[in-house]
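Undergrad: have a look at this fold, sequence not included:
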Ligand SMILES: O=P(O)(O)OC[C@H]1O[C@H](O)[C@H](O)[C@@H](O)[C@@H]1O
């Protein structure tokens with residue numbers, strides 16, 4: 001009978017020593033009695049687990065016939081062994097198969113296991129002698145579970161083990177009851193026949209070092225076989241006091257253990273856009289601690305800052321929250337959550353190129369050699385980062401749709417492309433329907449964080465991009481297109497094409513149009529022919545600038561804005577002062593001399609150059 005002690009295992013009272021069946025010397029039933037010499041004492045095979053060689057204890061000295069019968073009975077137990085498990089028929093109802101996993105069979109196996117365990121522990125821990133041996137017992141919902149469970153408790157108790165009934169449990173949970181500090185049992189037995197029909201049942205055995213081997217289970221069953229023979233003869237059994245069994249709640253602790261694996265401390269900054277759900281409907285439901293999250297409630301006025309991973313206020317507030325709360329990660333969503341950026345545990349902002357690098361590292365690990373498509377405003381350092389991991393970098397037009405479509409096209413052309421990302425934080429994965437989903441991307445990053453922790457890698461996710469070379473300088477300037485709005489697109493195109501033509505006509509010495517990145521497709525990329533362009537975003541060029549003395553200074557990317565009547569000029573240089581030198585050259589030899597300045601406002605460039 002199980003005494004249910006509802007207290008948590010940590011508050012359990014000390015185990016009462018179970019009453020062991022005292023050594024019984026019973027008269028064997030006929031016909032055995034007649035055949036046994038008078039001096040033979042048939043003891044419970046356990047004799048004493050501490051006594052000399054319990055495994056040989058209780059050896060019967062019988063006539064040949066009796067030995068045969070005993071052998072058959074013993075074989076019943078031996079046949080129950082199934083590799084490292086015990087499996088048998090526990091309920092009537094299987095055609096042609098009798099019940100062989102009886103309560104008696106289970107009891108002797110449990111008792112034998114308990115004895116074997118004690119010996120094993122003594123050997124493992126040489127100082128250990130006769131201390132408490134604690135064994136947990138779990139079971140699946142099979143109908144035979146309760147009855148066989150009672151036999152299991154009794155067997156363990158007879159072997160002197162303290163028994164902890166964990167009730168309905170999973171096999172891994174039973175093993176973990178030997179590991180989880182609150183329990184730390186010496187061993188565990190799970191009663192289950194896994195996927196076999198409901199009429200079957202079985203036992204799985206665990207110690208702290210893992211599951212018992214087939215050889216060990218064979219030894220236990222051998223020992224049990226001898227006990228079984230003796231019990232069948234009415235020897236060595238006997239009812240002692242009912243075992244004291246403590247009922248413990250293992251599954252809650254095991255579930256917590258699983259939650260702990262995925263539990264992270266994550267700050268979400270939804271910027272009062274639509275991203276708050278990720279906090280309460282995703283992270284918190286997974287058990288994450290989201291204390292310190294910011295601006296989760298939707299507010300159409302966005303009172304704190306724009307929800308945007310490119311927004312410096314959004315990133316720095318998130319950084320502060322991560323550091324204040326010792327969080328593992330900060331997440332910044334844009335308003336509609338198709339973009340995101342993150343902050344690692346050290347407070348480092350990971351957006352733009354750094355986010356692309358992080359996602360590339362993750363995706364290249366999963367898909368070695370894949371191509372990554374990005375817009376062409378990324379750094380040369382990013383290209384080297386991707387290539388150093390065996391990937392290919394395809395630089396393409398600005399605009400998330402362009403980037404994603406390029407990836408779709410590459411895959412269709414047979415160029416495996418798993419990641420398409422824009423520096424704005426739009427990131428699409430082939431595995432996710434080529435959809436740019438900021439939340440999905442964050443899920444991938446959190447999974448990576450958990451993986452890193454599980455394999456014992458030190459540091460935050462930022463360590464994955466430690467070798468990303470950053471440009472010395474980056475600069476974005478905008479030049480408004482002047483005049484009537486209806487001509488803006490046409491003029492914008494004219495301005496951008498003039499830049500390309502100047503280079504091709506040799507009017508911009510030192511400037512070289514950048515060609516395709518590394519995606520191994522012949523057409524498209526950077527300098528698309530634009531033979532038949534239909535969108536403003538078709539016209540965009542990137543060109544490198546080589547200074548006569550300093551060599552390569554960096555690149556300029558020039559394009560018409562997707563949304564507004566302006567020309568965006570992005571620049572990057574690996575040399576301090578490089579952006580200014582390039583801007584000056586553009587001003588003098590392109591903007592002021594080509595006539596572009598007549599319909600484009602070049603004030604911002606002039607200011608920068610000053
Ligand atoms: O052309 P701009 O004004 O710089 O805006 C361009 C950007 O607009 C939005 O943010 C889109 O989501 C981006 O994909 C695009 O790159």
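TA: Now that the structure is in, tell me what you want to look at. For clarity, every value in this text was computed on a predicted model and none was experimentally measured.

Undergrad: hey, let's count contacts and neighbours off CA atoms from now on
TA: Fine.

Undergrad: which bits of the chain sit near the ligand?
TA: Counting by CA under 6 Å from any ligand atom, the chain comes close to the ligand at 398, 399, 400, 561, 562, 563, 564.

Undergrad: now, the most widely separated pair of these?
TA: 400 and 564 (16.2 Å; CA to CA).

Undergrad: more crowded one of those two?
TA: Shown here are residue 400 and residue 564; by other CA atoms under 10 Å, residue 400 has more neighbours (21 against 12).

Undergrad: these two touch, right, that one and residue 426?
TA: Yes: contact criterion CA atoms under 8 Å: residue 400 and residue 426 qualify, at 6.3 Å.

Undergrad: returning to what we had before: quick one, which of the residues of the chain next to the ligand are buried?
TA: Listed as buried from the residues of the chain next to the ligand are 398, 399, 400, 561, 562; burial here means 16 or more other CA atoms under 10 Å.

Undergrad: export those to JSON lines and tack on pLDDT?
TA: JSON lines is the format used below for those (pLDDT from 0 to 100):
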{"residue": "398", "pLDDT": "87"}
{"residue": "399", "pLDDT": "87"}
{"residue": "400", "pLDDT": "91"}
{"residue": "561", "pLDDT": "89"}
{"residue": "562", "pLDDT": "83"}
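
Undergrad: how about residue 218: what's its closest non-neighbour residue?
TA: residue 81 (6.7 Å; CA to CA, 6 or more residues apart in numbering).

Undergrad: tell me how far that neighbour lies from residue 217.
TA: With distances taken as CA to CA, to the nearest Å, residue 81 is found 7 Å from residue 217.

Undergrad: repeat for residue 407
TA: In terms of CA to CA, residue 407 sits 56 Å off from residue 217.

Undergrad: swap in residue 177?
TA: 20 Å.

Undergrad: next: residue 604.
TA: From residue 604 across to residue 217, the span is 81 Å (CA to CA).

Undergrad: between the two, who's got more neighbours?
TA: residue 217 (25 against 13).

Undergrad: phi first, then psi, for the nearest residue to residue 474 once chain neighbours are set aside.
TA: Distance criterion CA to CA, 6+ apart; nearest residue to residue 474, sequence neighbours excluded, is residue 572 at 4.4 Å. Main-chain torsions, residue 572, degrees, to the nearest 10: phi -140, psi 140.

Undergrad: surely residue 572 and residue 555 touch.
TA: Yes: using CA under 8 Å, residue 572 makes contact with residue 555 at a distance of 5.6 Å.

Undergrad: report the buried residues of the longest strand along the chain.
TA: In the chain, assigned by DSSP state E, the strand with the most residues is strand 551-560. By neighbour count on 16+ other CA under 10 Å, the buried set for strand 551-560 is 552, 553, 554, 555, 556, 557, 558, 559, 560.

Undergrad: ok, which pair from those is furthest apart?
TA: Taking CA to CA, no two of those sit farther apart than 552 and 560, at 25.1 Å.

Undergrad: hmm, who's touching stretch 428-438?
TA: Contacts to stretch 428-438, defined as CA atoms under 8 Å, 6 or more residues apart in numbering, come from residues 333, 337-340, 404, 408, 417-421, 425-427, 441.

Undergrad: swap in 7 Å and give it another go.
TA: Contact with stretch 428-438 is made by 333, 337, 338, 339, 340, 404, 418, 419, 420, 421, 426, 427, as judged by CA atoms under 7 Å, 6 or more residues apart in numbering.

Undergrad: quick one: which of these is nearest the ligand?
TA: Nearest to the ligand among these is residue 426, at 6.9 Å by CA to the nearest ligand atom.

Undergrad: dihedrals phi and psi, the closest one?
TA: Residue torsions, per degrees, to the nearest 10, at residue 426 are phi -70, psi 120.

Undergrad: show me the buried ones among the residues of the chain next to the ligand that map onto helices.
TA: residue 400 (DSSP state H).

Undergrad: run the chain-centre distance for the longest helix seen in the chain.
TA: Across the chain, the longest stretch assigned as helix under DSSP H is helix 103-124. When distances are taken as CA atoms, centre = their mean, to the nearest Å, helix 103-124 is centred 37 Å away from the chain's centroid.

Undergrad: list the helices and strands that helix packs on?
TA: Helix 103-124 is packed against helix 145-158, helix 214-232, with contacts defined by 3 or more CA pairs under 7 Å, 6 or more residues apart in numbering; DSSP states H and E.

Undergrad: hmm, who's touching that helix?
TA: Under the contact criterion CA under 7 Å, 6+ apart, helix 103-124 has outside partners 49, 77, 128-129, 133, 148, 151-152, 154-156, 158-159, 161, 220-221, 223-224, 227-228.

Undergrad: tell me the residue of the stretch 401-550 of the chain that sits nearest the ligand?
TA: residue 424 (6.2 Å).

Undergrad: grab the nearest non-local neighbour of that residue.
TA: residue 352 (6.0 Å).

Undergrad: contacting residues around the residue in the stretch 1-150 of the chain that the ligand sits nearest to?
TA: Nearest residue of the stretch 1-150 of the chain to the ligand (CA to the nearest ligand atom) works out as residue 140 at 52.4 Å. Residues counted as contacts of residue 140 (CA under 7 Å, 6+ apart) are 168, 169, 191, 192.
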